[in-house]
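# Sequence below, structure please.
(chains A and B)
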Amino acid sequence: MDALTFLIDGFQTALQPHNLFFAFLGVLIGTAVGVLPGIGPMSGVALLIPVTASMTSGLDPAQAATSSIILLAGVYYGAMYGGSTTSILLNTPGESSSVVTTLDGYQMAKQGRAGAALAIAAIGSFVAGLVSLIALVLLAEPLSNVALKFGPAEYFSLMLLGLAAVSGLAGNSMTKAWMMTVFGLLLSTIGLDNVSGVARFTYNISFLYGGLEFLTVAVGLFALGEVFKAILHKEKNDGEIAKIGRILPSKAEAKESVGPIARGSLLGFFVGVLPGAGATLASFFSYIMEKKLSKTPEKFGKGTIAGVAAPESANNAASGGAMIPLLTLGIPGSGTTAILMGALIMYNVQPGPLLFDEHPDVAWGLIASMFIGNVMLLILNMPLVKIFAKIIETPTKYLLPLIVAISVFGVYAVQVTIFDVFLLIGFGLLGYLLAQHDFPLAPLVLGLVLGPMIENNMRRALTASNGDFMVFFEKPISLVLLIIAFLWIVVPFIMKLKGKSIIVNEDM
Amino acid sequence: MKKWWFFLVMGIVAVMLAACGSTATTKSSNKQENYPAKPIMFVAPSGAGGGWDLTARAITKILDETNLVKQTMTVENKPGGGGTVFMAEYATQDKNNDYKLFVNSPPIIINNLKAEGNSPYGYKDTTPLAQLTKDFGAIVVRADSKFQSMSQLLDAIKQNPKSVTVAGGSAPGSMDHLVAILPIYKTGIDPKIVKYVSYDGGGEAIAALLGGNTDVIATDASSVGEYVKAGKVRVLAVTAPERLGGVLKDVPTLKELGIDAEFTIWRGVFGPKQMSDDAKKFWENTFKKLSEHEKWKEELTKQGWEPEYKGSKEFTQFLQEQEQLISDMLKSLGMHK
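Residues are numbered from 1 along each chain as shown, chains lettered A, B, ... in the order given. Next comes the predicted model:
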């Protein structure tokens, strides 16, 4: 097979000592970038472009391009590995794609199972990385065409399915989950509208023109909310330290994670292929799917290992999937891939339909190095688990200021405005109040992510169809997605009407 | 055991502080003795992959390679509202930040003049530093499209405007829209009935075209070369005064097709309104040197852009003329504020 011979050539490129070094450096920096909130993969990669440019200046142009892109891509998927660490340990998501991981990861850490959670996140990421790379090698061409077929109508229906599935994130009350979703959607309308350019709910405050920054809101709700709770309720575990259990997951936990990792990898990969959908949605979708499939959905949110394994696999697989539209079409699906594309162009390598013909060494060298980088990440991360897991042993009186500091620094490093720091504190208080009254926070965050995508794609689809809503039903992919969304909501009610013992309010 | 922990925690905090220090210093600037004394940020007020983004990256790359600027330069993408999101922030919060420049083109004028999605800030709220390139609009269809020529496309729109979806990377009333509308309007069709869909940046618009979600797109001539080479798209016309070179050498201009219209997409670099004299002088000199540098010319050829240099004063003059031109155009389209 052609792809295999190319891949072998790619390995020869990637296994050259200097490229191994660049891959290692990339994943190392990436892990650090992932652990630190604020410095996300996007700013991490952007900041490193000039550094790699000078590091590779001694090589000839094609080699320099390969080496830099190997390093930069290493930062990208390394960050996906590292992002889970603070989510699990401190309830502070390092990246937007690790927000869901806080739900069960932090609970596991509280129960002294931080080691298992971190280890399964690393293993899940590794498996997902390999799965998505194999899929990338075998399916790049056909999938790039499928991704193109995803037009506004299909995106709209996919996002609608995401909303319908919000029940998967509900706690005790569906009504409260829906209220939070709508609240998130409302918050997402703040800012300049991308379709018409009209300012909405900005009151001429220029900070609001760009809308609310997703990570600020998420870190505020989850991390600071937890801090306020700990302070106001004077949690009495000051002297008492949560025990770290075993570092490796138990046999039962490992067995429990196989399914979620496999499904999370595949789902994450396919969501990643769609330009614009990205790792954050992949992690949300896979979490919701696992809860739906689980025989014990009530355990989700209370520290089940599947709730960590699935989203962490999905976000890593998504970063592999996102390489497809980037490399084969020259269309970046996310902010980070856009910056990778910029880096390639800097070396006069134009990603697009001709990349694999004109620069096979760069393309296949990159793919091969991603295999190697994933192995490196696993080796790098497993010993770190042991060290990181001990953070949970830190007494609360040291831990709380640490969380506050990380949150504030992280948010300020990205936004560089005091306004966002106040926003962070505001959402921290809101997160505390909402959690106190048993309102689930995840649907709010999901609403905030989905809002602009739903709205813009709906308006695009309707403009193209002259305002005819049938467009959502005429396109087969869109229709299938809508039917699933419809069934998702309706089936539990019907089953209840039929007297089946399903408690719609508790977990549907 | 506990002590060991204390050090690790302190270590993490120290790393955090250091990391913040390196990214969070470009806020305000007071003294300019040795400008530039800090890293410089170039903003492309759009998503990556579009014309502004490519221009910003090309400029920083060559300035770095030729050592014309010794400080680190980074490119940041600030998408939204066809550039208005960025302008609102820039004109209010960065008006004396000598270390944040941005790349722009006709939209800085268009957004300031049009009624819908108006930006209260225009080029007058900045310091125009230099025009560096010119590019032209292109009307593009898929390679397997039934439209073989511009006249076929125009006929189809004339007969049934609802049957043709036109897309671009920016909102209605913005540049991509104007490029798309221009030939249609000039042939006497009411431009308001044309169906126009806006995407976030030229990259997404091309994806929509390739995926069959739109029939025609209007975009920058320089960004379609790769897709033409790969045989994926066909360019029906360019808005240049004369034919372009390279892969687009067989594409007719609107004038050749009997449509009296042309539209130049100039690209230039702007600084903040209250830029210090030192900084302004530095950039005027630097961009002049850049425009004459061999490496820059090579880069332009690679990217398929045409060189066109105007210094700060000339550029400002040119912008005034352009403002008049675009103002007339928007008025005739009924889109003027």
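# Nearest residue to the middle of the chain?
Answering for chain A, as no chain was given. Note on chain A: the residue nearest the mean C-alpha position is residue A:97, at 2.1 Å, using Cα atoms, centre = their mean.
# Chain B is the one I meant
Closest-to-mean residue, chain B, Cα atoms, centre = their mean: residue B:52 / 3.3 Å.
# which non-adjacent residue is nearest that residue?
Among residues not flanking residue B:52 along the chain, residue B:44 sits closest, at 4.2 Å (Cβ to Cβ, 6 or more residues apart in numbering or on different chains). The C-beta positions use only the backbone N, C-alpha and C, and glycine is treated the same way.
# Could you pull up phi and psi at that neighbour?
phi -100, psi 110 (degrees, to the nearest 10).
# Report the contact partners of it.
Contacts for residue B:44 (Cβ atoms under 8 Å, 6 or more residues apart in numbering or on different chains) come out as B:50, B:52-53, B:55-57, B:75-78, B:102-103.
# same question, residue B:198
A:194-195, A:460, B:167-172, B:174, B:176-177.
# hmm, back to that, kindly provide the distance from the residue nearest to the centre of chain A to residue A:269.
14 Å (Cβ to Cβ, to the nearest Å).
# Could I get the contacting residues of residue B:148?
Per Cβ under 8 Å, 6+ apart, neighbours of residue B:148: residue B:234.
# Next, it: secondary structure please.
Three-state call for residue B:148 (DSSP: H, G, I helix; E, B strand; the rest coil): coil.
# Could you report the distance from the closest residue to residue B:104 other than its chain neighbours to residue B:118?
Closest residue to residue B:104 apart from its sequence neighbours, by Cβ to Cβ, 6+ apart: residue B:270 at 5.8 Å. Distance from residue B:270 to residue B:118, counting by Cβ to Cβ: 19 Å.
# higher neighbour count, these two?
residue B:270 (25 against 18; other Cβ atoms under 10 Å in any protein chain shown).
# Show me the beta-bridge partners of that one.
Bridge pairing for residue B:270 (DSSP bridges) gives the partners residue B:102, residue B:128.
# surely it meets residue B:124?
No. Using Cβ atoms under 8 Å, residue B:270 is not in contact with residue B:124, being 10.9 Å away.
# any common contacting residues for the two?
Joint contacts of residue B:270 and residue B:124 (Cβ under 8 Å, 6+ apart) do not exist.
# show me what contacts residue 214?
No chain specified, so I'll use chain A. A:96, A:280, A:445, A:448-449.
# Switch to chain B, please.
A:464, B:165-167, B:197, B:205, B:208.
# how about the residues you listed in a markdown table, adding distance to residue A:61 and secondary structure?
What follows is these, written out as a markdown table (distance: Cβ to Cβ, whole Å; DSSP: H, G, I helix; E, B strand; the rest coil):
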| residue | distance to residue A:61 | secondary structure |
| --- | --- | --- |
| A:464 | 42 | helix |
| B:165 | 40 | strand |
| B:166 | 39 | strand |
| B:167 | 35 | strand |
| B:197 | 39 | strand |
| B:205 | 30 | helix |
| B:208 | 33 | helix |
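# Okay, now the unreliable bits of the stretch 51-200 of chain B?
Scanning the stretch 51-200 of chain B for pLDDT under 70 picks out B:79-82, B:116-117, B:173.
# Can you tell me which residues in it are near chain A?
B:53-54, B:57, B:61, B:64, B:72-78, B:80-82, B:84-85, B:88-89, B:92-93, B:111, B:116-119, B:162, B:165, B:171-174, B:195-200 (Cβ under 8 Å from any Cβ of the partner chain).
# If you go by neighbour count, which of those residues are buried?
B:53-54, B:57, B:61, B:64, B:72-78, B:80-82, B:84-85, B:88-89, B:92-93, B:111, B:117-119, B:165, B:171-174, B:195-200 (16 or more other Cβ atoms under 10 Å in any protein chain shown).
# Cross those against helices and list the overlap.
With helices taken from DSSP state H, the overlap with those comprises B:53-54, B:57, B:61, B:64, B:84-85, B:88-89, B:92-93, B:111.
# neighbours of the closest residue to residue B:105 other than its chain neighbours, just the number please.
Nearest non-adjacent residue to residue B:105, counting by Cβ to Cβ, 6+ apart: residue B:267, 4.8 Å away. Residue B:267 is flanked by 26 other residues according to other Cβ under 10 Å.
# Are there helices or strands packed against the host helix or strand of residue A:485, and which ones?
Assigned by DSSP states H and E, residue A:485 belongs to helix A:476-497. Applying 3 or more Cβ pairs under 8 Å, 6 or more residues apart in numbering or on different chains; DSSP states H and E, we find helix A:476-497 packed against helix A:152-164, helix A:471-474.
# if you average pLDDT over the longest one, what comes out?
So that's helix A:152-164. The average pLDDT for helix A:152-164 rounds to 87.
# now stretch A:69-80
On average, stretch A:69-80 scores 88.
# can you pull the pLDDT of residue B:5?
55.
# try the one 4 residues further on
Among the per-residue scores, residue B:9 holds a pLDDT of 56.
# what's the answer for residue A:239, then?
pLDDT, residue A:239: 44.
# tell me which residues form a beta bridge with the residue nearest to residue B:52?
In beta-bridge terms (that is, DSSP bridges), residue B:44 pairs with residue B:77.
# residue contacts, residue A:472?
So residue A:472 contacts A:153, A:156-157, A:461, A:478-479, A:482 (Cβ under 8 Å, 6+ apart).
# Need the buried ones from these selected in PyMOL.
What follows is the PyMOL syntax selecting those of those that are buried according to 16+ other Cβ under 10 Å:
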select buried, chain A and resi 153+156+157+461+478+482
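# Return the member of the contacts of residue A:472 nearest to residue A:309.
residue A:157 (27.8 Å; Cβ to Cβ).
# Drop anything exposed from the contacts of residue B:214.
By 16+ other Cβ under 10 Å, the contacts of residue B:214 give A:464, B:165-167, B:197, B:205, B:208 as buried.
# For the residues you listed, could you give me CSV that also reports distance to residue A:135?
Putting those into CSV (distance: Cβ to Cβ, whole Å) gives the following:
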residue, distance to residue A:135
A:464, 31
B:165, 32
B:166, 35
B:167, 30
B:197, 31
B:205, 27
B:208, 24
